[in-house]
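K.L.:
Kindly generate the corresponding structure for this input.
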Amino acid sequence: MQIDACQKPYSCEHCGNTFSRSEHLKSHMRTHTGEKPYACKVCGNAFSDNSTLKSHIRIHTGEKPYSCKYCGKAFTQNTHLIKHVRIHTGEKPYSCKNCDATFSDGSSFKRHMRTHTGEKLYSCKVCGTELSRSSALKSHMRIHTGEKPYSCNFCGNSFSRSEHLKIHMRTHTGEKPYSCEVCGNGFSHSSSLKSHMRIHTGEKPYSCESCGSEFSDRSALKSHIRIHTNEKPYSCKYCGNAFSYITSLKSHMLTHTGEKPYFCEFCGLSFSKNGNLTTHVRIHTGERPYSCQVCGFAFSQNANLKTHMKLHTEGRT
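P.N.:
Numbering: from 1, shown residues only. Modelled structure (predicted):
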């Protein structure tokens, strides 16, 4: 008695899936039992079916028997070739019923569908965070393990995510792919451009809960809050003095190192602080930006104006 080709008399007792051949059911059952009887002799990886092992072995042998008729690119698996060919044909057989988006491969389609369903298949065993993609879980786990597999070839800094390394590399290459449409200034990061745009729009979305001061970016608000909390997270390794701002620490460090990086272009004198150089340059330029509102006398330094003002206030008493 012959079994009709359309019949699938073999059923899985776990999930109900049916199969036309007993060996297919046997292979399927391993997805439930976790059995992996086919082991790679090179690396020891085990697989539930022989065909998957054969495909895997090509990683070691370098064999790529499936070639693209359009560009000649070769693949280790036929499924990879089928997916690749759609780049040339433009075929996108997977359609989303919710938003009409189309996809060339099933895995991309499944990932997309989770944006609609909110389904999160992957859970972190450490903190319980749920994620919709296995790659996102893998990246998330590095928060707990501290693993940083992406290293900078220039300075050796390492990062947990490849996109963070990509952004960091711009500090070495000088690449600034994000440009301001108003003034043309370039930025290495999209968030920096977003913050910069607020200079033009005047937007200040970050407010201080203590005094109501408003800021255009979060980091400026964070620095400001230290005025109220008196937090000083930056410490001098030489004397232990602490500062609220990194710029204040850098300026202080020059008192220990003796470094004077700011040079006068007129006479060559050097200074440890940019503010001191600015004040000094007025000797050469004659600039006096601080004026007395009583008599109009002008000064190159604000301190001198304050001393002068006492002449008027003391005269009144």
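K.L.:
burial of I283, as a residue count?
P.N.:
Close neighbours of I283, defined as other CB atoms under 10 Å, add up to 13. Any C-beta I mention is one placed from the backbone N, CA and C, and that applies to glycine too.
K.L.:
again, but for F263
P.N.:
12.
K.L.:
which residues are in contact with stretch 53-73?
P.N.:
Contact partners of stretch 53-73, identified using CB atoms under 8 Å, 6 or more residues apart in numbering, comprise 38-40, 42-43, 45, 47, 74-78, 80-81, 84-85, 88.
K.L.:
do the same with stretch 17-31
P.N.:
By CB under 8 Å, 6+ apart, the residues outside stretch 17-31 that reach it are 3, 5, 7-12, 14, 35-37, 48-49.
K.L.:
run the last query once more with 6 Å
P.N.:
The contact list for stretch 17-31, computed with CB atoms under 6 Å, 6 or more residues apart in numbering, reads 8, 10-12, 48-49.
K.L.:
which among these gets closest to I283?
P.N.:
Closest approach between these and I283, by CB to CB: S48, at 82.9 Å.
K.L.:
which residues touch the closest one?
P.N.:
So S48 contacts 30, 36 (CB under 6 Å, 6+ apart).
K.L.:
and it, how far is that from P37?
P.N.:
Counting by CB to CB, to the nearest Å, the gap from S48 to P37 is 8 Å.
K.L.:
Against P233, how distant is I246?
P.N.:
Using CB to CB, one gets 9 Å for the distance from I246 to P233.
K.L.:
same question but for G72, I mixed them up
P.N.:
From G72 across to P233, the span is 58 Å (CB to CB).
K.L.:
Y206 now?
P.N.:
19 Å.
K.L.:
Same question for N45.
P.N.:
Counting by CB to CB, the gap from N45 to P233 is 47 Å.
K.L.:
Settle it for me: which of these two has more neighbours?
P.N.:
N45 (14 against 11).
K.L.:
ok, back up a step: pick out the most distant pair among the contacts of stretch 17-31.
P.N.:
That would be K8 and S48, which, of the contacts of stretch 17-31, are the farthest apart (CB to CB) at 20.1 Å.
K.L.:
Tell me the buried residues in the longest helix seen in the chain?
P.N.:
What stands out as the longest helix in the chain, according to DSSP state H, is helix 302-316. Residues 305, 308 are the ones in helix 302-316 that count as buried (16 or more other CB atoms under 10 Å).
K.L.:
mean confidence for it?
P.N.:
Averaging the model's pLDDT scores along helix 302-316 yields 85.
K.L.:
in the stretch 151-300 of the chain, which spans are helices?
P.N.:
Assigned by DSSP state H, counting those that start in this stretch, the stretch 151-300 of the chain shows helices spanning 162-173, 190-201, 218-229, 246-257, 274-285.
K.L.:
could you give the angle of the last one to helix 302-316?
P.N.:
Spelled out, it's helix 274-285. Angle, helix 274-285 to helix 302-316, by axes from the mean of the first three to the mean of the last three CA atoms, to 10 degrees: 80 degrees.
K.L.:
All set now, cheers.
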